[in-house]
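A.B. asks: predicted model, plus sequence, below.
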Amino acid sequence: MRFLVTTSAAWLFGILSASAASGGHDHLPPHAEEIANIGPFVITNSMLMVWIVAAFIILVAQLSTRKIALIPSGLQNFVEWLTESLYTFLEGILGAHLVKRTFWFFGTIFVLILFTNWFGLIPGVGTVGWHLTGPGVDPHDTFRPFLRGGNADLNMTAAMAFTFALMWFYWAITENGAKGFFAHIFAPKGKFTGIMALGMLLVFAFVGVLEIISILFRPVALSFRLYGNIFAGENILENMMLVTGSEGIGKWLAWLPPIPFYFLELLVGVIQALVFMLLTSVFLKLICDHGDHHDEKEHSH
Amino acid sequence: MISIFDFLAAAPTVESDGVVGDITRTFNVTWPLFLSQVVSFLIVAALLKKFAFGPVQAMLEQRRARIIAGEENLKTIQKQLAESEITTAAAIAKANDEAVRLINEAKESANSFSEQKSQEAIAQAQQILAKAEAAARADRDRLSLELKREFGRLVASTTSQVTGKVLTDADQKRINEDALAKVEG
(Lines give C-alpha, C1' and ligand atoms only; values in the text may rest on other atoms or scores of the structure.)
Protein backbone atom coordinates (compact mmCIF):
# COMPACT_ATOMS: atom_id res chain seq x y z
CA MET A 1 0.00 0.00 0.00
CA ARG A 2 2.82 2.35 1.00
CA PHE A 3 4.68 1.53 -2.21
CA LEU A 4 1.53 2.28 -4.23
CA VAL A 5 1.05 5.66 -2.54
CA THR A 6 4.74 6.60 -2.97
CA THR A 7 4.78 5.62 -6.62
CA SER A 8 1.53 7.44 -7.34
CA ALA A 9 2.84 10.55 -5.57
CA ALA A 10 6.05 10.45 -7.62
CA TRP A 11 4.09 10.14 -10.88
CA LEU A 12 1.72 12.92 -9.92
CA PHE A 13 4.65 15.05 -8.85
CA GLY A 14 6.36 14.53 -12.21
CA ILE A 15 3.22 15.20 -14.24
CA LEU A 16 2.55 18.42 -12.33
CA SER A 17 6.15 19.54 -12.84
CA ALA A 18 6.08 18.77 -16.51
CA SER A 19 2.77 20.49 -17.07
CA ALA A 20 3.95 23.50 -15.10
CA ALA A 21 7.18 23.58 -17.06
CA SER A 22 5.28 23.42 -20.30
CA GLY A 23 3.87 26.81 -19.35
CA GLY A 24 6.69 28.25 -21.41
CA HIS A 25 9.52 29.70 -19.35
CA ASP A 26 12.61 30.36 -21.42
CA HIS A 27 15.54 29.30 -19.26
CA LEU A 28 16.69 29.10 -15.66
CA PRO A 29 18.75 32.22 -14.98
CA PRO A 30 21.67 31.96 -12.53
CA HIS A 31 20.18 34.72 -10.40
CA ALA A 32 16.88 35.53 -8.74
CA GLU A 33 14.57 37.97 -10.50
CA GLU A 34 12.94 41.07 -9.15
CA ILE A 35 9.20 40.90 -8.75
CA ALA A 36 8.55 44.06 -6.73
CA ASN A 37 10.15 46.97 -4.93
CA ILE A 38 9.29 48.44 -1.52
CA GLY A 39 11.20 51.73 -1.51
CA PRO A 40 14.86 50.86 -1.81
CA PHE A 41 14.20 47.25 -0.89
CA VAL A 42 14.15 44.86 -3.78
CA ILE A 43 11.83 41.91 -3.51
CA THR A 44 12.93 38.92 -5.54
CA ASN A 45 11.16 35.66 -6.22
CA SER A 46 13.69 33.82 -4.05
CA MET A 47 13.03 36.21 -1.17
CA LEU A 48 9.30 35.58 -1.49
CA MET A 49 10.02 31.88 -1.32
CA VAL A 50 12.01 32.31 1.90
CA TRP A 51 9.13 34.26 3.46
CA ILE A 52 6.66 31.54 2.50
CA VAL A 53 8.95 28.91 4.04
CA ALA A 54 9.39 31.02 7.20
CA ALA A 55 5.61 31.44 7.45
CA PHE A 56 5.22 27.67 7.07
CA ILE A 57 7.78 26.97 9.81
CA ILE A 58 6.16 29.49 12.15
CA LEU A 59 2.72 28.02 11.44
CA VAL A 60 3.93 24.49 12.21
CA ALA A 61 5.67 25.66 15.41
CA GLN A 62 2.58 27.57 16.53
CA LEU A 63 0.26 24.65 15.76
CA SER A 64 2.50 22.23 17.62
CA THR A 65 2.70 24.43 20.72
CA ARG A 66 -0.95 25.50 20.76
CA LYS A 67 -2.14 22.61 22.91
CA ILE A 68 0.85 21.28 24.78
CA ALA A 69 0.26 17.77 26.07
CA LEU A 70 2.27 16.12 28.82
CA ILE A 71 2.74 13.06 26.63
CA PRO A 72 3.42 14.50 23.16
CA SER A 73 1.89 13.01 20.05
CA GLY A 74 1.45 13.89 16.38
CA LEU A 75 2.80 17.26 15.30
CA GLN A 76 3.96 18.24 18.79
CA ASN A 77 5.92 15.02 19.01
CA PHE A 78 7.55 15.58 15.61
CA VAL A 79 8.49 19.20 16.33
CA GLU A 80 9.83 18.29 19.77
CA TRP A 81 11.84 15.44 18.28
CA LEU A 82 13.29 17.67 15.53
CA THR A 83 14.19 20.52 17.88
CA GLU A 84 15.55 18.31 20.62
CA SER A 85 17.62 16.22 18.18
CA LEU A 86 19.03 19.37 16.63
CA TYR A 87 19.80 20.84 20.05
CA THR A 88 21.52 17.67 21.25
CA PHE A 89 23.49 17.43 17.99
CA LEU A 90 24.67 21.03 18.26
CA GLU A 91 25.40 20.61 21.96
CA GLY A 92 27.80 17.82 21.00
CA ILE A 93 29.70 20.25 18.77
CA LEU A 94 29.45 23.54 20.64
CA GLY A 95 29.08 22.45 24.26
CA ALA A 96 26.31 23.24 26.72
CA HIS A 97 27.18 26.92 27.19
CA LEU A 98 27.58 27.97 23.56
CA VAL A 99 24.57 26.05 22.31
CA LYS A 100 22.35 27.89 24.78
CA ARG A 101 23.50 31.20 23.30
CA THR A 102 23.50 30.27 19.64
CA PHE A 103 20.85 27.60 19.12
CA TRP A 104 18.34 30.08 17.74
CA PHE A 105 20.76 30.96 14.93
CA PHE A 106 21.98 27.48 13.99
CA GLY A 107 18.46 26.06 14.38
CA THR A 108 17.15 28.76 12.07
CA ILE A 109 19.96 28.14 9.57
CA PHE A 110 19.29 24.39 9.41
CA VAL A 111 15.50 24.45 9.35
CA LEU A 112 15.29 27.40 6.97
CA ILE A 113 17.80 25.98 4.48
CA LEU A 114 16.27 22.50 4.66
CA PHE A 115 12.68 23.58 4.03
CA THR A 116 13.70 26.22 1.48
CA ASN A 117 15.55 23.50 -0.47
CA TRP A 118 12.58 21.13 -0.28
CA PHE A 119 10.00 23.82 -1.08
CA GLY A 120 12.02 24.59 -4.20
CA LEU A 121 11.14 21.12 -5.47
CA ILE A 122 7.38 21.71 -5.33
CA PRO A 123 5.96 21.76 -8.88
CA GLY A 124 5.32 25.30 -9.98
CA VAL A 125 8.32 26.84 -8.24
CA GLY A 126 10.36 28.40 -11.03
CA THR A 127 7.84 27.32 -13.64
CA VAL A 128 4.70 29.31 -12.83
CA GLY A 129 4.90 33.03 -13.56
CA TRP A 130 4.14 35.64 -16.14
CA HIS A 131 5.57 36.88 -19.47
CA LEU A 132 7.06 40.33 -19.85
CA THR A 133 5.84 42.32 -22.79
CA GLY A 134 6.57 45.66 -24.30
CA PRO A 135 9.63 47.46 -25.61
CA GLY A 136 12.99 46.89 -23.99
CA VAL A 137 12.21 43.32 -23.02
CA ASP A 138 14.93 40.82 -23.88
CA PRO A 139 13.23 38.35 -26.28
CA HIS A 140 15.33 35.52 -24.76
CA ASP A 141 14.28 36.40 -21.21
CA THR A 142 10.58 37.18 -21.13
CA PHE A 143 9.45 34.77 -18.41
CA ARG A 144 9.29 35.80 -14.76
CA PRO A 145 8.50 33.00 -12.25
CA PHE A 146 6.63 33.99 -9.09
CA LEU A 147 8.85 31.77 -7.00
CA ARG A 148 12.41 30.50 -7.14
CA GLY A 149 14.32 28.11 -4.90
CA GLY A 150 15.44 30.35 -2.03
CA ASN A 151 18.98 29.05 -1.99
CA ALA A 152 19.36 29.21 -5.77
CA ASP A 153 20.12 32.88 -5.23
CA LEU A 154 23.68 33.89 -4.37
CA ASN A 155 22.42 37.03 -2.63
CA MET A 156 20.40 34.89 -0.23
CA THR A 157 23.18 32.42 0.58
CA ALA A 158 25.65 35.32 0.89
CA ALA A 159 23.24 37.12 3.22
CA MET A 160 23.16 34.08 5.51
CA ALA A 161 26.92 33.50 5.30
CA PHE A 162 27.90 37.12 5.96
CA THR A 163 25.35 37.44 8.75
CA PHE A 164 26.97 34.37 10.28
CA ALA A 165 30.41 35.98 9.82
CA LEU A 166 29.29 39.02 11.83
CA MET A 167 27.64 36.86 14.50
CA TRP A 168 30.77 34.69 14.61
CA PHE A 169 32.90 37.77 15.29
CA TYR A 170 30.49 38.98 17.98
CA TRP A 171 30.31 35.60 19.72
CA ALA A 172 34.08 35.09 19.45
CA ILE A 173 34.80 38.49 21.03
CA THR A 174 32.22 38.07 23.81
CA GLU A 175 33.44 34.57 24.62
CA ASN A 176 37.22 35.21 24.43
CA GLY A 177 37.57 38.93 24.92
CA ALA A 178 39.50 41.00 22.34
CA LYS A 179 42.89 39.88 23.70
CA GLY A 180 41.87 36.22 23.81
CA PHE A 181 40.45 36.48 20.31
CA PHE A 182 43.72 37.67 18.77
CA ALA A 183 45.77 35.37 20.97
CA HIS A 184 43.66 32.50 19.70
CA ILE A 185 44.64 33.36 16.13
CA PHE A 186 48.25 34.49 16.48
CA ALA A 187 49.63 33.09 19.75
CA PRO A 188 51.92 30.02 19.55
CA LYS A 189 50.24 26.80 20.63
CA GLY A 190 52.42 24.87 23.07
CA LYS A 191 55.25 25.80 25.43
CA PHE A 192 58.52 26.93 23.89
CA THR A 193 61.62 28.55 25.36
CA GLY A 194 64.67 30.40 24.07
CA ILE A 195 65.31 30.68 20.35
CA MET A 196 62.57 28.12 19.70
CA ALA A 197 60.01 30.50 21.23
CA LEU A 198 61.13 33.31 18.93
CA GLY A 199 60.95 31.03 15.88
CA MET A 200 57.51 29.82 16.87
CA LEU A 201 56.31 33.40 17.34
CA LEU A 202 57.20 34.10 13.71
CA VAL A 203 55.70 30.84 12.47
CA PHE A 204 52.43 31.36 14.35
CA ALA A 205 52.25 35.00 13.25
CA PHE A 206 52.38 33.75 9.66
CA VAL A 207 49.83 31.02 10.48
CA GLY A 208 47.64 33.72 12.00
CA VAL A 209 47.74 35.73 8.76
CA LEU A 210 46.72 32.59 6.86
CA GLU A 211 43.97 32.02 9.43
CA ILE A 212 42.68 35.57 8.89
CA ILE A 213 42.57 34.97 5.11
CA SER A 214 40.77 31.68 5.74
CA ILE A 215 38.27 33.42 8.02
CA LEU A 216 37.62 36.10 5.39
CA PHE A 217 36.99 33.49 2.72
CA ARG A 218 34.67 31.36 4.82
CA PRO A 219 31.46 33.28 4.02
CA VAL A 220 32.34 33.28 0.32
CA ALA A 221 32.88 29.51 0.36
CA LEU A 222 29.71 28.96 2.37
CA SER A 223 27.68 31.10 -0.05
CA PHE A 224 28.95 29.45 -3.23
CA ARG A 225 28.78 25.89 -1.86
CA LEU A 226 25.09 26.15 -0.98
CA TYR A 227 24.15 28.19 -4.01
CA GLY A 228 26.10 25.95 -6.39
CA ASN A 229 24.54 22.73 -5.13
CA ILE A 230 20.98 24.00 -5.18
CA PHE A 231 21.24 25.85 -8.49
CA ALA A 232 22.91 22.80 -10.06
CA GLY A 233 20.04 20.63 -8.78
CA GLU A 234 17.45 22.95 -10.31
CA ASN A 235 19.36 22.92 -13.58
CA ILE A 236 19.45 19.13 -13.61
CA LEU A 237 15.70 18.92 -13.00
CA GLU A 238 15.00 21.47 -15.73
CA ASN A 239 17.28 19.81 -18.27
CA MET A 240 15.93 16.36 -17.46
CA MET A 241 12.46 17.61 -18.38
CA LEU A 242 13.80 18.65 -21.77
CA VAL A 243 15.49 15.37 -22.73
CA THR A 244 12.33 13.78 -24.11
CA GLY A 245 11.89 16.68 -26.52
CA SER A 246 8.92 18.94 -27.10
CA GLU A 247 7.42 17.07 -30.02
CA GLY A 248 4.93 14.19 -30.16
CA ILE A 249 4.75 11.76 -27.25
CA GLY A 250 8.01 13.10 -25.82
CA LYS A 251 6.17 16.23 -24.73
CA TRP A 252 3.84 14.10 -22.58
CA LEU A 253 6.66 12.04 -21.06
CA ALA A 254 8.71 15.05 -19.92
CA TRP A 255 7.81 14.27 -16.29
CA LEU A 256 9.54 10.89 -16.32
CA PRO A 257 13.32 11.60 -16.47
CA PRO A 258 13.46 14.07 -13.53
CA ILE A 259 11.83 11.67 -11.04
CA PRO A 260 15.06 9.95 -9.81
CA PHE A 261 16.66 13.36 -9.54
CA TYR A 262 13.83 14.62 -7.33
CA PHE A 263 14.81 11.96 -4.78
CA LEU A 264 18.45 12.97 -5.20
CA GLU A 265 17.52 16.62 -4.62
CA LEU A 266 15.56 15.71 -1.48
CA LEU A 267 18.78 14.17 -0.19
CA VAL A 268 20.91 17.11 -1.37
CA GLY A 269 18.50 19.46 0.43
CA VAL A 270 19.18 17.72 3.78
CA ILE A 271 22.91 17.35 3.18
CA GLN A 272 23.43 20.99 2.23
CA ALA A 273 21.42 22.23 5.23
CA LEU A 274 23.49 19.96 7.45
CA VAL A 275 26.79 21.00 5.85
CA PHE A 276 26.04 24.70 6.20
CA MET A 277 24.99 24.30 9.84
CA LEU A 278 27.89 21.98 10.67
CA LEU A 279 30.54 24.21 9.11
CA THR A 280 29.24 27.37 10.74
CA SER A 281 28.97 25.71 14.15
CA VAL A 282 32.44 24.17 13.84
CA PHE A 283 33.89 27.57 12.83
CA LEU A 284 32.40 29.04 16.00
CA LYS A 285 33.61 26.16 18.14
CA LEU A 286 37.15 26.52 16.76
CA ILE A 287 37.41 30.16 17.82
CA CYS A 288 35.70 29.61 21.18
CA ASP A 289 37.62 26.43 22.02
CA HIS A 290 39.83 27.01 25.05
CA GLY A 291 42.01 23.94 24.53
CA ASP A 292 42.22 20.51 26.16
CA HIS A 293 43.81 21.77 29.35
CA HIS A 294 40.89 24.06 30.06
CA ASP A 295 38.41 21.33 29.16
CA GLU A 296 40.07 18.96 31.58
CA LYS A 297 39.77 21.61 34.28
CA GLU A 298 36.11 22.03 33.46
CA HIS A 299 35.52 18.29 33.56
CA SER A 300 37.33 18.01 36.86
CA HIS A 301 34.87 20.53 38.30
CA MET B 1 17.94 63.11 7.74
CA ILE B 2 19.52 60.31 5.81
CA SER B 3 17.83 57.03 6.55
CA ILE B 4 18.94 53.50 5.84
CA PHE B 5 16.45 53.48 2.97
CA ASP B 6 18.22 56.41 1.31
CA PHE B 7 21.51 54.63 1.84
CA LEU B 8 20.19 51.47 0.24
CA ALA B 9 18.67 53.33 -2.68
CA ALA B 10 21.93 55.12 -3.29
CA ALA B 11 24.06 52.02 -2.81
CA PRO B 12 26.10 51.32 -5.90
CA THR B 13 25.93 48.03 -7.74
CA VAL B 14 28.96 45.85 -7.23
CA GLU B 15 30.32 45.95 -10.71
CA SER B 16 34.03 46.01 -10.44
CA ASP B 17 36.17 44.72 -13.24
CA GLY B 18 38.02 41.43 -13.35
CA VAL B 19 36.98 38.05 -11.93
CA VAL B 20 34.99 39.52 -9.05
CA GLY B 21 33.13 41.82 -11.46
CA ASP B 22 32.31 38.88 -13.73
CA ILE B 23 31.03 36.83 -10.82
CA THR B 24 28.89 39.58 -9.36
CA ARG B 25 27.43 40.38 -12.79
CA THR B 26 26.75 36.72 -13.61
CA PHE B 27 25.00 36.02 -10.33
CA ASN B 28 23.49 39.50 -10.12
CA VAL B 29 25.09 40.26 -6.75
CA THR B 30 24.39 43.91 -6.09
CA TRP B 31 24.40 45.94 -2.90
CA PRO B 32 20.65 46.64 -2.95
CA LEU B 33 19.84 42.98 -3.59
CA PHE B 34 22.39 41.73 -1.07
CA LEU B 35 21.32 44.17 1.67
CA SER B 36 17.66 43.44 0.96
CA GLN B 37 18.41 39.75 1.44
CA VAL B 38 20.35 40.47 4.64
CA VAL B 39 17.42 42.47 6.03
CA SER B 40 15.01 39.78 4.89
CA PHE B 41 17.10 37.04 6.51
CA LEU B 42 17.44 38.98 9.77
CA ILE B 43 13.67 39.55 9.88
CA VAL B 44 13.03 35.87 9.14
CA ALA B 45 15.59 34.77 11.74
CA ALA B 46 14.08 37.11 14.36
CA LEU B 47 10.56 35.87 13.56
CA LEU B 48 11.65 32.25 13.72
CA LYS B 49 13.44 32.90 17.01
CA LYS B 50 10.35 34.52 18.53
CA PHE B 51 7.53 32.48 17.03
CA ALA B 52 9.09 29.12 16.13
CA PHE B 53 12.12 28.22 18.23
CA GLY B 54 10.98 30.33 21.19
CA PRO B 55 7.72 28.46 21.87
CA VAL B 56 9.20 25.07 21.04
CA GLN B 57 12.22 25.64 23.27
CA ALA B 58 9.94 26.97 26.01
CA MET B 59 7.86 23.81 25.64
CA LEU B 60 10.98 21.63 25.88
CA GLU B 61 12.29 23.67 28.80
CA GLN B 62 8.94 23.27 30.56
CA ARG B 63 9.09 19.51 29.98
CA ARG B 64 12.72 19.37 31.16
CA ALA B 65 11.81 21.38 34.29
CA ARG B 66 8.87 19.07 34.90
CA ILE B 67 11.08 15.99 34.55
CA ILE B 68 13.67 17.51 36.92
CA ALA B 69 10.91 18.43 39.39
CA GLY B 70 9.49 14.91 39.06
CA GLU B 71 12.90 13.39 39.75
CA GLU B 72 13.34 15.68 42.73
CA ASN B 73 9.90 14.69 44.00
CA LEU B 74 10.77 11.05 43.50
CA LYS B 75 13.97 11.51 45.52
CA THR B 76 12.01 13.31 48.26
CA ILE B 77 9.36 10.60 48.27
CA GLN B 78 12.00 7.88 48.42
CA LYS B 79 13.73 9.71 51.28
CA GLN B 80 10.44 10.17 53.10
CA LEU B 81 9.59 6.52 52.50
CA ALA B 82 12.95 5.45 53.91
CA GLU B 83 12.47 7.73 56.91
CA SER B 84 8.92 6.50 57.32
CA GLU B 85 10.12 2.90 57.21
CA ILE B 86 12.71 3.66 59.89
CA THR B 87 10.11 5.49 62.01
CA THR B 88 7.60 2.69 61.51
CA ALA B 89 10.17 0.04 62.41
CA ALA B 90 11.12 2.02 65.52
CA ALA B 91 7.44 2.46 66.46
CA ILE B 92 6.78 -1.23 65.89
CA ALA B 93 9.81 -2.15 68.01
CA LYS B 94 8.69 0.25 70.74
CA ALA B 95 5.13 -1.10 70.61
CA ASN B 96 6.50 -4.63 70.72
CA ASP B 97 8.60 -3.82 73.78
CA GLU B 98 5.61 -2.17 75.43
CA ALA B 99 3.42 -5.15 74.59
CA VAL B 100 5.98 -7.58 76.03
CA ARG B 101 6.24 -5.44 79.14
CA LEU B 102 2.45 -5.31 79.52
CA ILE B 103 2.14 -9.05 78.98
CA ASN B 104 4.82 -9.71 81.60
CA GLU B 105 3.15 -7.32 84.00
CA ALA B 106 -0.19 -8.94 83.31
CA LYS B 107 1.31 -12.37 83.89
CA GLU B 108 2.89 -11.23 87.13
CA SER B 109 -0.30 -9.55 88.17
CA ALA B 110 -2.33 -12.61 87.24
CA ASN B 111 0.06 -14.88 89.17
CA SER B 112 -0.09 -12.63 92.18
CA PHE B 113 -3.86 -12.35 92.00
CA SER B 114 -4.19 -16.10 91.55
CA GLU B 115 -1.95 -16.73 94.54
CA GLN B 116 -3.90 -14.23 96.60
CA LYS B 117 -7.21 -15.79 95.57
CA SER B 118 -5.87 -19.29 96.30
CA GLN B 119 -4.75 -18.20 99.73
CA GLU B 120 -8.10 -16.58 100.32
CA ALA B 121 -9.88 -19.71 99.14
CA ILE B 122 -7.70 -21.90 101.35
CA ALA B 123 -8.35 -19.61 104.31
CA GLN B 124 -12.05 -19.60 103.60
CA ALA B 125 -12.06 -23.38 103.23
CA GLN B 126 -10.17 -23.78 106.49
CA GLN B 127 -12.54 -21.37 108.13
CA ILE B 128 -15.53 -23.28 106.77
CA LEU B 129 -13.94 -26.55 107.87
CA ALA B 130 -13.31 -25.19 111.34
CA LYS B 131 -16.84 -23.90 111.58
CA ALA B 132 -18.19 -27.23 110.37
CA GLU B 133 -16.05 -29.09 112.87
CA ALA B 134 -17.18 -26.77 115.64
CA ALA B 135 -20.81 -27.18 114.62
CA ALA B 136 -20.40 -30.94 114.43
CA ARG B 137 -18.72 -30.99 117.81
CA ALA B 138 -21.49 -28.85 119.30
CA ASP B 139 -24.14 -31.13 117.75
CA ARG B 140 -22.43 -34.22 119.05
CA ASP B 141 -22.13 -32.73 122.55
CA ARG B 142 -25.74 -31.65 122.44
CA LEU B 143 -26.88 -35.04 121.19
CA SER B 144 -24.65 -36.81 123.72
CA LEU B 145 -26.15 -34.70 126.48
CA GLU B 146 -29.66 -35.40 125.27
CA LEU B 147 -28.83 -39.09 124.97
CA LYS B 148 -27.42 -39.14 128.45
CA ARG B 149 -30.50 -37.47 129.78
CA GLU B 150 -32.80 -39.86 127.94
CA PHE B 151 -30.67 -42.83 128.95
CA GLY B 152 -30.70 -41.64 132.55
CA ARG B 153 -34.43 -41.12 132.45
CA LEU B 154 -34.93 -44.56 130.92
CA VAL B 155 -32.61 -46.21 133.47
CA ALA B 156 -34.28 -44.41 136.31
CA SER B 157 -37.71 -45.28 134.94
CA THR B 158 -36.77 -48.88 134.39
CA THR B 159 -35.16 -49.14 137.80
CA SER B 160 -38.16 -47.55 139.41
CA GLN B 161 -40.54 -49.90 137.62
CA VAL B 162 -38.38 -52.94 138.41
CA THR B 163 -37.80 -52.12 142.04
CA GLY B 164 -41.07 -50.32 142.60
CA LYS B 165 -39.31 -47.79 144.57
CA VAL B 166 -39.42 -44.05 144.10
CA LEU B 167 -35.93 -42.90 143.44
CA THR B 168 -34.50 -39.77 144.89
CA ASP B 169 -32.56 -37.33 142.92
CA ALA B 170 -29.34 -38.60 144.42
CA ASP B 171 -30.26 -42.15 143.47
CA GLN B 172 -31.14 -41.17 140.02
CA LYS B 173 -27.88 -39.33 139.68
CA ARG B 174 -25.81 -42.24 141.03
CA ILE B 175 -27.64 -44.82 138.84
CA ASN B 176 -27.21 -42.63 135.80
CA GLU B 177 -23.53 -42.16 136.41
CA ASP B 178 -23.04 -45.87 136.91
CA ALA B 179 -24.94 -46.68 133.75
CA LEU B 180 -23.12 -44.07 131.75
CA ALA B 181 -19.77 -45.21 133.03
CA LYS B 182 -20.57 -48.75 131.93
CA VAL B 183 -21.83 -47.59 128.48
CA GLU B 184 -18.96 -45.25 127.89
CA GLY B 185 -16.40 -47.55 129.41
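C.D. replies: Structure's in. What do you need?
A.B. asks: make it CA atoms for all contacts and neighbour counts henceforth
C.D. replies: OK.
A.B. asks: ranges for the strands of the chain?
C.D. replies: Defaulting to chain A. Along chain A, counting by DSSP state E, strands occupy A:34-38, A:41-44, A:129-131, A:143-145.
A.B. asks: now for the first one, which elements pack on it?
C.D. replies: Strand A:34-38 is packed against strand A:41-44, with contacts defined by 3 or more CA pairs under 8 Å, 6 or more residues apart in numbering or on different chains; DSSP states H and E.
A.B. asks: which of the residues in the strand it packs on are buried?
C.D. replies: Within strand A:41-44, the residues that qualify as buried by neighbour count (16 or more other CA atoms under 10 Å in any protein chain shown) are A:41, A:42, A:43, A:44.
A.B. asks: what subset of these is also close to chain B?
C.D. replies: Among those, the residues that sit close to chain B (CA under 8 Å from any CA of the partner chain) are A:41, A:42, A:43.
A.B. asks: can you name the residues that contact the nearest residue to the first one once chain neighbours are set aside?
C.D. replies: Closest residue to residue A:41 in three dimensions, ignoring its sequence neighbours and counting by CA to CA, 6 or more residues apart in numbering or on different chains: residue B:36, at 5.5 Å. Taking CA atoms under 8 Å, 6 or more residues apart in numbering or on different chains as the contact definition, residue B:36 lies against A:41, A:42, A:43.
A.B. asks: so how far is residue A:105 from residue B:36?
C.D. replies: For residue B:36, the distance to residue A:105 equals 19 Å [CA to CA, to the nearest Å].
A.B. asks: any chance of a markdown table for the strands of chain A, columns mean pLDDT?
C.D. replies: Conversion of the strands of chain A to a markdown table gives the following (pLDDT from 0 to 100):
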| stretch | mean pLDDT |
| --- | --- |
| strand A:34-38 | 84 |
| strand A:41-44 | 87 |
| strand A:129-131 | 84 |
| strand A:143-145 | 83 |
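A.B. asks: circling back to that earlier point, make JSON lines out of the buried residues of strand A:41-44 and add distance to residue A:100.
C.D. replies: Conversion of the buried residues of strand A:41-44 to JSON lines gives the following (distance: CA to CA, whole Å):
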{"residue": "A:41", "distance to residue A:100": "33"}
{"residue": "A:42", "distance to residue A:100": "34"}
{"residue": "A:43", "distance to residue A:100": "33"}
{"residue": "A:44", "distance to residue A:100": "34"}
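A.B. asks: roughly how far apart are residue A:45 and residue A:289?
C.D. replies: Going from residue A:45 to residue A:289 by CA to CA gives 40 Å.
A.B. asks: what does residue A:170 give?
C.D. replies: For residue A:170, the distance to residue A:289 (CA to CA) stands at 15 Å.
A.B. asks: which one's more surrounded, these two?
C.D. replies: When residue A:170 and residue A:289 are compared for neighbours, residue A:289 comes out ahead with 18 against 12, by other CA atoms under 10 Å in any protein chain shown.
A.B. asks: tell me the first helix or strand C-terminal of the helix-or-strand element of chain B with minimal mean pLDDT.
C.D. replies: Least confident helix or strand, chain B: helix B:4-10 with a mean of 43, by mean pLDDT, DSSP states H and E. Per DSSP states H and E, helix B:4-10 leads on to helix B:18-26 as the next helix or strand towards the C-terminus.
A.B. asks: wait, does that following helix make contact with chain A?
C.D. replies: Yes. Residues of helix B:18-26 contacting chain A under CA under 8 Å from any CA: residue B:26.
A.B. asks: right, and the helix or strand after that helix?
C.D. replies: Scanning forward in sequence from helix B:18-26, with DSSP H and E defining helices and strands, the next element found is helix B:31-48.
A.B. asks: what about that following helix, average pLDDT?
C.D. replies: Averaging the model's pLDDT scores along helix B:31-48 yields 90.
A.B. asks: so how far is that helix off the chain centroid?
C.D. replies: Distance, stretch centre to chain centre, for helix B:31-48: 75 Å (CA atoms, centre = their mean, to the nearest Å).
A.B. asks: against chain B, how distant is residue A:281?
C.D. replies: Distance check for residue A:281 against chain B: by CA to the nearest CA, to the nearest Å, it reads 16 Å.
A.B. asks: what is the burial count for that residue?
C.D. replies: Tallying neighbours of residue A:281 according to other CA under 10 Å, which is how burial is gauged here, yields 23.
A.B. asks: roughly how far apart are it and residue A:105?
C.D. replies: For residue A:281, the distance to residue A:105 - CA to CA - is 10 Å.
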